[in-house]
Structures are given as structure tokens and as C-alpha cells.
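# build the 3D model from these lines:
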Amino acid sequence: MTMEVDILELSERSAKFILSNASAAFANGIRRAALSDVPTLAIDDVNIYNNTSVLFDEQLALRLGLIPLTTDIEEFVPVEECTCGSECPACKVSLTLSAEGPRIVYSGDLVSSDEKVQPADQNIPIIDLKEGQKVVLEAIAHMGYGYTHAKWQAGVACGYKNMPVVKFENCDQCGACVNECPKNIIHLGPNGAEISDDDILKCILCKLCASACEIDAITVSEDEKSFVFTMESDGSYTVQQLIINAGTTIKEKASRLGQILESL
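Next up, the predicted model:
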């Protein structure tokens with residue numbers, strides 16, 4: 001059967017969709033790839049020329065490393081895959097910062113050497129400078145993978161659950177399941193208890209409704225081939241690009257595995 005994707009919600013940073021006719025292994029592969037296998041740019045080295053703020057140099061560098069940067073996966077190469085030694089434009093981007101207090105320094109104050117590489121959010125606070133305090137530095141961003149460090153993790157809050165399947169048979173309309181459901185998605189209809197197609201997605205498979213039914217009229221199970229996905233991006237990519245890149249990563253890994261097996 002052909003795999004299907006039904007989009008429920010889609011914005012620049014988040015998405016909710018149903019993946020059907022797929023295995024649990026593939027669904028988990030998409031989740032893991034989005035979290036750790038899609039490379040992104042992140043500040044990895046910092047040259048600090050002047051820092052009279054209240055933060056130590058190491059603290060300042062850690063804050064800079066966690067600022068998401070917009071990334072074009074077609075233009076940049078992870079450091080370990082580049083032959084230049086991390087010194088060429090394909091794997092390195094320089095961002096500079098020069099600020100003097102009193103003021104709050106934000107991520108938008110970073111000046112990038114590549115106009116395509118910018119902080120994903122302009123209003124991330126970096127440091128609060130008081131009167132006379134200065135920060136002058138150069139931050140070097142490299143491409144990397146989330147499995148190496150969280151600062152290269154483009155996907156956040158990526159997860160899924162099996163599609164819930166709730167069946168009502170010979171319901172006597174006692175209403176016990178309605179009162180027991182923690183999500184308030186069960187309603188009494190003309191033919192007994194029921195759940196709408198939209199509300200079924202809210203089911204958490206707790207099975208409290210089935211436990212409350214004294215005549216065993218409710219069956220709660222999972223569709224093993226259908227998954228409800230929720231994905232969010234940190235802004236390095238749009239969530240649509242993140243999902244596509246995750247799928248491409250799995251495809252490339254499968255292709256390499258096939259080549260290795262053919263050569264045995």
C-alpha cells in the first residue's frame with residue numbers, strides 16, 4: 001500500500017499530520033532523523049576580543065551557541081564531511097558582535113558574513129550590559145549534527161503516537177464513559193456513545209472509558225500502521241523543510257546500506 005500523509009496543521013515552525021500505511025520503524029526513523037540527523041549551522045567557536053560584562057567568556061560563548069541560525073542544507077557541508085579543515089565558506093560562517101552598555105544585547109545584533117545566515121529569532125537576549133561595559137567578539141558557525149550536540153538540533157518537540165481506534169457496540173447510553181473521559185471527547189448520540197473524527201485525535205489511549213463501561217461495550221485499540229505526528233522546528237529550517245530533509249536523510253542512508261550490501 002502507498003504511504004499517505006494528511007496535513008492537519010501547518011505553519012512555519014510547527015506541523016501536525018497523520019502518516020498512514022507506514023511501519024513503526026519508519027515513523028520512528030523520521031522522528032530520530034528530524035532530531036539528530038539533519039545538519040544545521042550553530043556557533044561553535046568564539047573569538048572574544050573584549051568582554052567587560054558580568055558574564056565569563058565561557059558563559060557568553062555557551063549562550064551564543066544556542067542561538068538557532070537559518071540554514072541552507074544545499075550550500076553548507078558538515079565539518080567532518082569537508083576536506084578544507086573547517087576553514088572554507090562551505091562549512092564556516094563568521095558573525096561579529098560589537099556592543100556597549102547600557103543596553104540589552106539581542107541575537108539580532110549579530111552581523112553575519114553571509115546574508116542568508118541570520119539568527120532565526122532576532123529578539124533572543126544574549127546579555128544585559130551596564131554603563132561602560134563592552135562586548136566585542138567574532139563567532140564562528142559550523143555545520144553539525146544533533147547527535148553530536150543539542151545546539152545542532154533543528155527539530156524540537158518531535159513525536160508521534162499511534163492513531164487511536166475506539167469502537168462502541170451495543171451501548172446502553174448510561175453516560176459513564178462520558179464522565180470518565182479526561183479529554184471530554186465522548187458524547188452521547190442517537191445510537192449511543194460516540195467520538196467525532198476530529199476529537200479522536202485527542203484520545204490519549206488511557207482506556208478509562210472502557211474500564212468504566214460495565215457491559216464491555218467499548219473497545220480501545222491502536223492502528224499499528226497509522227501515526228499522528230507533531231513536529232516543531234527551532235527556526236533553522238521551516239518545519240516543511242525539516243520533514244523533507246529528514247526523509248531525504250533516511251533515503252540516503254538506505255541507499256548507502258544497499259551499496260554496502262551489494263559489495264559484500
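# all strands for the stretch 51-200 of the chain, in order.
92-100, 103-106, 111-112, 125-129, 134-144, 155-168, 187-189, 192-194 (DSSP state E, counting those that start in this stretch).
# can I get these in JSON lines with mean pLDDT and mean neighbour count?
The C-beta positions use only the backbone N, C-alpha and C, and glycine is treated the same way. Output for the strands of the stretch 51-200 of the chain, formatted as JSON lines (pLDDT from 0 to 100; neighbours: other C-beta atoms under 10 Å):
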{"stretch": "strand 92-100", "mean pLDDT": "93", "mean neighbour count": "19"}
{"stretch": "strand 103-106", "mean pLDDT": "95", "mean neighbour count": "17"}
{"stretch": "strand 111-112", "mean pLDDT": "95", "mean neighbour count": "14"}
{"stretch": "strand 125-129", "mean pLDDT": "95", "mean neighbour count": "17"}
{"stretch": "strand 134-144", "mean pLDDT": "94", "mean neighbour count": "20"}
{"stretch": "strand 155-168", "mean pLDDT": "91", "mean neighbour count": "18"}
{"stretch": "strand 187-189", "mean pLDDT": "89", "mean neighbour count": "14"}
{"stretch": "strand 192-194", "mean pLDDT": "89", "mean neighbour count": "18"}
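# and those strands as JSON lines, adding distance to residue 66?
Compiled in JSON lines, the strands of the stretch 51-200 of the chain are given as follows (distance: least, C-beta to C-beta, whole Å):
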{"stretch": "strand 92-100", "distance to residue 66": "14"}
{"stretch": "strand 103-106", "distance to residue 66": "14"}
{"stretch": "strand 111-112", "distance to residue 66": "17"}
{"stretch": "strand 125-129", "distance to residue 66": "10"}
{"stretch": "strand 134-144", "distance to residue 66": "12"}
{"stretch": "strand 155-168", "distance to residue 66": "12"}
{"stretch": "strand 187-189", "distance to residue 66": "45"}
{"stretch": "strand 192-194", "distance to residue 66": "47"}
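# what's the closest of those to residue 48?
With C-beta to C-beta as the criterion, residue 48 lies closest to strand 134-144 of the strands of the stretch 51-200 of the chain, at 4.6 Å.
# which elements pack onto the closest one?
strand 40-51, helix 57-65, strand 92-100 (3 or more C-beta pairs under 8 Å, 6 or more residues apart in numbering; DSSP states H and E).
# where does the stretch 1-150 of the chain have low pLDDT?
Scanning the stretch 1-150 of the chain for pLDDT under 70 picks out 1, 85-88.
# any idea how far the nearest residue to residue 100 once chain neighbours are set aside lies from residue 123?
Excluding the flanking residues, the one nearest residue 100 by C-beta to C-beta, 6 or more residues apart in numbering is residue 134, at 4.8 Å. Per C-beta to C-beta, to the nearest Å, residue 134 is found 21 Å from residue 123.
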